[in-house]
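Colleague: Need a 3D model of the following:
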Amino acid sequence: MKVTYWILAALFALFALVQHDDPDPIPWILLYGGVAVHFIMAATNKMYRLGVWIWLGGCVVWAAMLLPDFVDWIRMGSPTIVGSMKAEAPWIELTREFLGLVVSALACAFLLWKNRAR
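Modeller: Below you'll find the predicted structure:
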């Protein structure tokens, strides 16, 4: 499992690195970087469960705030959000952000599930 944790830590670190040109990079660098740190801590047997729960809660609350925009995107017929890296319409950026939060929340949930108290 340690190899998986290291791979996911590297992946989330890369997610954080590519946020430098985002319109609002700081929150996203912190979000993805924090998930990477939680995976590093788990890989080194120093996982802080409460910290992961807090990160998961933050992801869920933030995603809930973007849920109406995601639902609007679905109602529009789910037009492409990957045609260009530049978000030409607000719904593109908001949908990508929602999906990034869902991926981060799932990663935190995975960590908690794999490291549940026995």
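Colleague: mind checking the longest helix of the chain?
Modeller: helix 49-75 (DSSP state H).
Colleague: quick one: average confidence on that one?
Modeller: Across helix 49-75, pLDDT averages out at 91.
Colleague: and that helix, what does it pack onto?
Modeller: When contacts are defined as 3 or more Cβ pairs under 8 Å, 6 or more residues apart in numbering; DSSP states H and E, helix 49-75 sits against helix 25-43, helix 90-114. All C-beta spots, glycine's among them, are computed from the backbone N, C-alpha and C.
Colleague: In TSV, list those along with distance to Gln19.
Modeller: Converted to TSV, these look like this (distance: least, Cβ to Cβ, whole Å):
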stretch	distance to Gln19
helix 25-43	4
helix 90-114	9
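Colleague: how about the nearest residue to Pro25, chain neighbours excluded?
Modeller: The shortest distance from Pro25 to any non-neighbouring residue, by Cβ to Cβ, 6 or more residues apart in numbering, is to Gln19 (4.7 Å).
Colleague: Surely that neighbour is in contact with Leu30?
Modeller: No. If you go by Cβ atoms under 8 Å, Gln19 and Leu30 don't touch, sitting 9.3 Å apart.
Colleague: Can you give me every residue that contacts the one residue sitting closest to the centre of the chain?
Modeller: In the chain, the residue lying closest to the centroid (Cα atoms, centre = their mean) is Ser104, at 2.6 Å. The contact partners of Ser104, by Cβ atoms under 8 Å, 6 or more residues apart in numbering, come to 12, 31-32, 35, 55, 59.
Colleague: Test for you: state the pLDDT assigned to it.
Modeller: pLDDT, read off for Ser104, is 97.
Colleague: go on, Lys86?
Modeller: pLDDT at Lys86 comes out at 61.
Colleague: next one: the one 10 residues further on
Modeller: Among the per-residue scores, Arg96 shows a pLDDT of 84.
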